[in-house]
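1. no sequence on hand, only this structure:
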C-alpha cells in the first residue's frame, strides 16, 4: 500500500480486538451453616466467598462491628474461598465481621469491593455467663418448684426438664437474663424424680438440679441425700413432711453420727402451735451433710411416708473422708451402682482403689453394712489371698460369694474401717449415663 505521495507502507496489520477487565471482585461473608448461634464454644466460624480468585486478603482487612471485644481471629484459604475463625473473645457479645473495600485484588489488579452479608452475626457468650450454677427450692405444700441462677443481660436461657436423670430432657421455656438473679417455676411437682438443666445455645449449665421423692417406712432406717439441698438444716430439708408430736417419744426422730456419738432432733407438732424440729426442748441446729447418712425413726402407726428432697445433682465425683471405726455414709447422687469388684469401671464403687484395706477373712476385713429394715447385712473386702485365689483380692464378698449389694440413692450405709487401718478418702466415681 502507498500513501498519497507514493510512499509504501512499511508494515501492515489486520485489525485486532481487546477485552479490558475492569470489574472488581465482590465478596460475601456469612456465618458457617454449622455454626451455632448463640454459642460459648470456640472457634466461631464465618465463610468468605469472592466472585473470583483473589490474593492479598489478610487479618487486617477484617472489621468487627458487634458488641464483643478483644477478639482474636485468623483467616484460612486461597483463591475465591476463605474461612474466618474467631479463636478468642475477651468480652462476650455479638461478633459481626465485615471486609473492607480493597482488601484483595483479582488476577489483573482490580481491588475487591466492601463485603455484603445476609447472616454474619453470632452471639458469643463468655463461659461463665453460659454456664450458671442452678439453684432450686420446692414448696412442700404445693409442690411448686422455683429455679434461680445468676444471668447475663440479654442472654436467652432455655430450661429443659426430665423425669429421669438419664433423660430425655424436653424444652420447657426460655428466660431472658437481665444481669441479675432470674428465676423460673414449675407448679405441682410430685413426680418420683424431676431434673432440670439450663442451656444457652449449645452449652449446658454447670450443674443439674432436681427433686427426688424419698420413700421411707415407719420404724428405723438409714437414709441419705441423693440431691444436695442449698440449705442443709433439718428444718429446711424435711420441714413438716414427716409426722410430729407434742413429745419426743411419739415423734419422728433423726440423727447424724459424729464418729463417736449421735446428734439428734425430733419433730415437734401440736394443735395451735407452730411445728418445728427440736433438740431436747429448744429449736434444733442440726444440719446434715452431703455424702453422710442419716438415722431416721418414723413412729409406729404413722405408715409409709414420702419426703421430697430438692437440690443440686452433683456435677463431680464425690470425695468422702473415712476414719478408723464406723462411718455412716450415703453418696449424694441419684443413681444406683453395685459395690462391685476391683477394676470393673462402672461396676466398681472404688473403695479398694481409694484405700480400703481387706483381709483373707471377714473378721479382719473392711466391711460395708446395710440395714434391711429388720437386721444388718454386710459385705467384706477380700485381700491378701495367695495364688490361685489372689484374683479375688480387691473384691467384695457376701459370705463366700461375690457381693450383689447395691449402693442406692437415698439410702445410708456403714463403712467399717478396722482399728489400725489408715484413714483414707473414698473417691466415689459417679455412675455415668449408660453405665
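-> Yep, it's here. Owing to the predicted nature of the structure, the values given are computational and were not obtained by experimental measurement.
2. tell me how far the ends of stretch 246-259 are from each other?
-> Using Cα to Cα, to the nearest Å, the end-to-end distance of stretch 246-259 comes to 30 Å.
3. and it, how far out from the chain's middle?
-> Counting by Cα atoms, centre = their mean, to the nearest Å, stretch 246-259 is centred 35 Å from the centre of its parent chain.
4. for stretch 34-45, give the mean pLDDT please.
-> Stretch 34-45 shows a mean pLDDT of 89.
5. tell me which residues in stretch 147-157 are buried?
-> Of all the residues in stretch 147-157, those buried under the rule 16 or more other Cβ atoms under 10 Å are 147-149, 151-152, 155-157. No exception for glycine: its C-beta is placed from N, CA and C like everyone else's.
6. swap in stretch 349-368?
-> 349-352, 354-359, 362, 365-368.
7. for those, which one is nearest residue 253?
-> Of all the buried residues of stretch 349-368, residue 253 sits closest to residue 368, with 25.1 Å by Cβ to Cβ.
8. need the pLDDT of that closest one.
-> We have a pLDDT of 97 for residue 368.
9. the residue lying closest to it once chain neighbours are set aside sits in which helix or strand?
-> Nearest residue to residue 368 in three dimensions, chain neighbours excluded: residue 379, at 4.7 Å (Cβ to Cβ, 6 or more residues apart in numbering). Using DSSP states H and E, residue 379 sits within strand 376-381.
10. quick one: residues in contact with the next helix or strand after that strand.
-> Next in sequence after strand 376-381, counting helices and strands by DSSP H and E, comes strand 396-398. By Cβ atoms under 8 Å, 6 or more residues apart in numbering, the surrounding residues in contact with strand 396-398 are 339-341, 351, 362, 368, 377-382, 402-405.
11. residues of stretch 108-124 that come out buried?
-> For stretch 108-124, burial by neighbour count (16+ other Cβ under 10 Å) applies to 110, 112-113, 115, 117, 120, 122-124.
12. try stretch 240-247
-> 241-245.
13. cool, and stretch 215-235?
-> Residues of stretch 215-235 classed as buried: 216, 218, 221-229, 232, 234-235 (neighbour count, 16+ other Cβ under 10 Å).
14. ok, now stretch 191-203?
-> For stretch 191-203, a neighbour-count test (16+ other Cβ under 10 Å) marks 191, 193-201, 203 as buried.
15. returning to what we had before: restricted to strands, list the buried residues of stretch 349-368.
-> By the criterion of DSSP state E, membership of the buried residues of stretch 349-368 in strands covers 367-368.
16. the buried residues of stretch 349-368 in helices, which ones?
-> Among the buried residues of stretch 349-368, the members falling in helices (DSSP state H) are 351-352, 354.
17. need the contact list for the closest residue in space to residue 392 that isn't next to it in sequence.
-> In this structure, residue 392 finds its nearest non-sequential neighbour in residue 382, 4.8 Å apart by Cβ to Cβ, 6+ apart. For residue 382, the contacting residues are 358-360, 365, 392-397, by Cβ under 8 Å, 6+ apart.
18. confidence score at residue 382?
-> We have a pLDDT of 93 for residue 382.
19. what's the span of stretch 205-220, first residue to last?
-> The first and final residues of stretch 205-220 sit 38 Å from each other (Cα to Cα).
20. surely residue 75 is in contact with residue 81?
-> No. When contacts are counted by Cβ atoms under 8 Å, residue 75 is not listed as touching residue 81 (11.3 Å).
21. among these two, which residue is more densely surrounded?
-> Ranked by neighbour count (other Cβ atoms under 10 Å), residue 75 and residue 81 place residue 75 first, with 17 against 12.
22. can you give me the strands for the stretch 51-200 of the chain?
-> Ranges of strands in the stretch 51-200 of the chain, per DSSP state E, counting those that start in this stretch, are 62-64, 69-78, 81-91, 93-95, 97-99, 122-124, 135-138, 145-150, 156-162, 170-176, 181-186, 193-200.
23. buried stuff in the second one?
-> In this case it means strand 69-78. Buried, per 16+ other Cβ under 10 Å, within strand 69-78: 71, 73, 75.
24. what lies in contact with that strand?
-> Contacts for strand 69-78 (Cβ under 8 Å, 6+ apart): 48, 57-59, 62, 64, 82-91, 93, 95, 97.
25. hmm, 7 Å instead?
-> Residues outside strand 69-78 that contact it (Cβ atoms under 7 Å, 6 or more residues apart in numbering): 57-59, 62, 64, 82-91, 93, 95.
26. and these, which of them are buried?
-> Buried residues within these, counting neighbours by 16+ other Cβ under 10 Å: 57, 62, 64, 82, 84, 86, 89, 93, 95.
27. so which of the buried residues of stretch 108-124 comes closest to residue 167?
-> Lowest distance from residue 167 to the buried residues of stretch 108-124 (Cβ to Cβ) belongs to residue 123, with 26.4 Å.
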